[in-house]
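Trainee: Structure here, sequence nowhere to be found:
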């Protein structure tokens, strides 16, 4: 089966994709990844945890969920939330979500609210620990749905 990735996602994930994976690098995909299935197709938007936290803080997440849900006629929409923390370049230190919320307790409930909103928007949520797990998941979905 063929896995469709936008150019940026291909560059990010290529070293973890199995060598026999057929990848189409699409310039105008409109999302990060698409798995064309026999009976159903899925679109995936990959978000690193740091970007997800920022999109909650600045409010982008709501528009992004709305945009994803607008494609439900053609695709089952999913967000892949990648990582269990992030490297904070300002302090040159790895931060877990627990560390982040200890520093920003006012953002903790917004995080949980955003996670709960996925269901309301009809968008699936997949949590992976890193890029290699994301590549593993996408290639598995590609085989499973094809």
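Mentor: All right, it came through fine. Only a predicted model underlies this, so the values are computations on that prediction, with no experimental measurement involved.
Trainee: Would you point out the helix or strand in this protein whose mean pLDDT is lowest?
Mentor: Every helix and strand of the chain was ranked by mean pLDDT, DSSP states H and E. The lowest is strand 22-26, at a mean of 80.
Trainee: Now do whatever helix or strand comes next after it, average pLDDT.
Mentor: Beyond strand 22-26 in the direction of the C-terminus, DSSP states H and E gives the next helix or strand as strand 33-35. Taken as a whole, strand 33-35 has a mean pLDDT of 91.
Trainee: Pull up the pairing partners for the helix or strand that comes right after strand 33-35, direction included.
Mentor: Downstream of strand 33-35, the first helix or strand assigned by DSSP H and E is strand 42-48. Take DSSP bridges as the rule and strand 42-48 pairs in its sheet with strand 33-35 (antiparallel), strand 76-82 (parallel).
Trainee: Mind giving me the packing neighbours of the least confident helix or strand of the chain?
Mentor: strand 2-6, helix 7-13 (3 or more CB pairs under 8 Å, 6 or more residues apart in numbering; DSSP states H and E). From N, CA and C alone the C-beta is placed, and that goes for glycine too.
Trainee: For residue 20, find the nearest of the strands paired with strand 42-48.
Mentor: Minimum separation from residue 20 across the strands paired with strand 42-48 (CB to CB) falls at strand 33-35, 15.9 Å.
Trainee: how far away is residue 114 from residue 26?
Mentor: Using CB to CB, to the nearest Å, residue 114 is found at 28 Å from residue 26.
Trainee: Tell me what the closest residue to residue 71 other than its chain neighbours is bridged to.
Mentor: Spatially, and ignoring its direct neighbours in sequence, residue 71 is nearest to residue 77 (5.7 Å; CB to CB, 6 or more residues apart in numbering). Taking DSSP bridges as the rule, residue 77 bridges to residue 43.
Trainee: Report whether the expected contact of residue 77 with residue 125 is present.
Mentor: No: between residue 77 and residue 125 no contact is recorded; they are 10.2 Å apart, counting by CB atoms under 8 Å.
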